[in-house]
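**Q** Pasted the sequence and its predicted model underneath.
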Amino acid sequence: MELRIGAELIESTVFASIRKTLSMKEGTVIDPNGLLERDLGMDSIDMLDVLHSIEKSLKISIELLDFAAYFRGSLSEEAFRDENGLLTEEGRMQVQAVLPHAAVEAGMHIRHLFKVLRVTDFLTFVLVKAEQHVHSAIS
């Protein structure tokens, strides 16, 4: 039961942070399947603002590098991307496993992964980070 309440708190915090950052009216419905950039108009600066708001509200730390680690999974940096930041084929397959809905191509620059993130993907990422924070606090 506690985990569910925690997840609901995290979800409401993420949605409130998105609404605030994008100057949406309170209660504006956000489509969980909407793409952050294309459908909501969020850019990388907005993402930083949303992350900062979530960090303050939930008292957790979320770094931009955490996104790369989330997408990369157990792959090494070298297996995931080349020296120019372009996804390798192995990296593309890993991202596709994390984001099965996304059209991801080998050779895509990792900074463009933001373009294929849906609201629900972002929420899942924050839930994972919050769970990691709880586990590290217990240890």
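**A** It's in.

**Q** now L75: how far from H112?
**A** Taking CB to CB, to the nearest Å as the measure, L75 falls 18 Å from H112. C-beta coordinates here come from the backbone N, C-alpha and C atoms, glycine included.

**Q** more neighbours, those two?
**A** L75 (17 against 14; other CB atoms under 10 Å).

**Q** I'd guessed that one sits against V95; true?
**A** No. Contact criterion CB atoms under 8 Å: L75 and V95 do not qualify, at 9.8 Å.

**Q** counting contacts, what elements does the host helix or strand of V14 pack onto?
**A** Here V14, judged by DSSP states H and E, is contained in helix 2-21. Where contact means 3 or more CB pairs under 8 Å, 6 or more residues apart in numbering; DSSP states H and E, helix 2-21 is packed against helix 44-58, helix 119-138.

**Q** list the contacts for the residue nearest the centre of the chain?
**A** Central residue of the chain (CA atoms, centre = their mean): F122, 3.4 Å from the mean position. Listed by CB atoms under 8 Å, 6 or more residues apart in numbering, the contact set of F122 reads V14, L36.

**Q** any low-confidence regions in this structure?
**A** By pLDDT under 70, the weakly predicted segments of the chain are 1-5, 135-139.

**Q** how close does T21 sit to L40?
**A** The gap separating T21 from L40 is 10 Å, by CB to CB.

**Q** Kindly apply the preceding question to H112 instead.
**A** Taking CB to CB as the criterion, H112 is separated from L40 by 17 Å.

**Q** repeat for G73
**A** Taking CB to CB, one finds G73 at 26 Å from L40.

**Q** One more: L87?
**A** From L87 to L40 the distance is 24 Å (CB to CB).

**Q** Many thanks, we can stop here.
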